[in-house]
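Engineer: missing the sequence, but the structure's below:
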Ligand SMILES: Nc1ncnc2c1ncn2[C@@H]1O[C@H](COP(=O)(O)OP(=O)(O)OP(=O)(O)O)[C@@H](O)[C@H]1O
């Protein structure tokens, strides 16, 4: 489902004399449907950079990033938006929300955007919010004023609302209490069981060992190591 082939990346620091910093070379990675692959490697090794390239936030300098039959490294912005709506989900650590939109609508939005009717979308959103222990009195409020942990759980509910065939998870269990961590791990297991291809960054070793089928050490993609 996800195929990363010979991807490289460098950053040009325009505010520092246009210095070019190569950060990745010859990155290769395959994730089948129903499989979860963990990106591992020391801080600064390039886990987030690789994930951002797969999501299309950073442009790869070369190589192919196939999500189904779309090459994210070559796709037009319009195709990337379409891919993100129907195929590729991304659960970041932080919630980015438009003020004044209710929590229920924030969570239901990916379903409404893909044609689910309002009642069914809201029913699904309510189930997710209840499972993630967000008190019902908060559902009509914007999550802008919620605690860090509440915002993270709203973000997870939103990220899992639509059944994406491919998902990117950036530390989905960071700063969750034990009960909510367990809920999220079960959500990841359920996503795998329905056939989602998942790439995750997990600093929680036990969580990674439980839900991931293999680990890819991105240190192997640093330009010096690949040369
Ligand atoms: N926007 C950017 N501009 C310049 N350099 C960047 C940029 N983003 C990342 N880098 C550099 O790329 C390298 C990889 O960073 P990245 O954030 O991908 O590492 P990471 O493995 O996710 O680290 P951590 O575990 O600390 O989050 C680092 O040397 C970083 O300084």
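Structural biologist: Sure, I can see it. Note that the structure is predicted; figures quoted are calculated from it, not measured. Numbers count the residues shown, from 1 in each chain.
Engineer: which bits of the chain sit near the ligand?
Structural biologist: 11, 21, 23, 41, 43-49 (CB under 6 Å from any ligand atom). C-beta here means a position set from N, CA and C on the backbone, and glycine is covered the same way.
Engineer: which is the next helix or strand following the lengthiest helix in the chain?
Structural biologist: Secondary structure of the chain read by DSSP state H shows that its longest helix is helix 178-193. Going down the chain from helix 178-193, the next helix or strand is strand 197-201, by DSSP states H and E.
Engineer: How about residues contacting that next one?
Structural biologist: 1-2, 29, 31-39, 47-48, 51, 54, 165-172, 188, 191-192, 208, 211-212 (CB atoms under 8 Å, 6 or more residues apart in numbering).
Engineer: Only whichever of the residues of the chain next to the ligand are buried, select them in PyMOL.
Structural biologist: Command for PyMOL, covering only those of the residues of the chain next to the ligand found buried under the criterion 16 or more other CB atoms under 10 Å:
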select buried, resi 23+41+45+46+47+48+49
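Engineer: Out of the residues of the chain next to the ligand, which is nearest to residue 109?
Structural biologist: residue 48 (24.5 Å; CB to CB).
Engineer: does that closest one really touch residue 168, like I thought?
Structural biologist: No - here residue 48 lies out of contact with residue 168, judged by CB atoms under 8 Å, at a distance of 10.4 Å.
Engineer: my guess is residue 133 meets residue 183, correct?
Structural biologist: Yes - Residue 133 sits in contact with residue 183 when judged by CB under 8 Å, with a separation of 7.4 Å.
Engineer: on that earlier part again, could you flag which of the contacts of strand 197-201 are buried?
Structural biologist: 1-2, 29, 31, 35-39, 47-48, 51, 54, 165-172, 188, 191-192, 208, 211-212.
Engineer: hey, where'd the helices end up in the protein?
Structural biologist: Using DSSP H, helices in the chain cover 47-55, 77-86, 103-112, 118-131, 148-159, 178-193, 205-211, 223-226.
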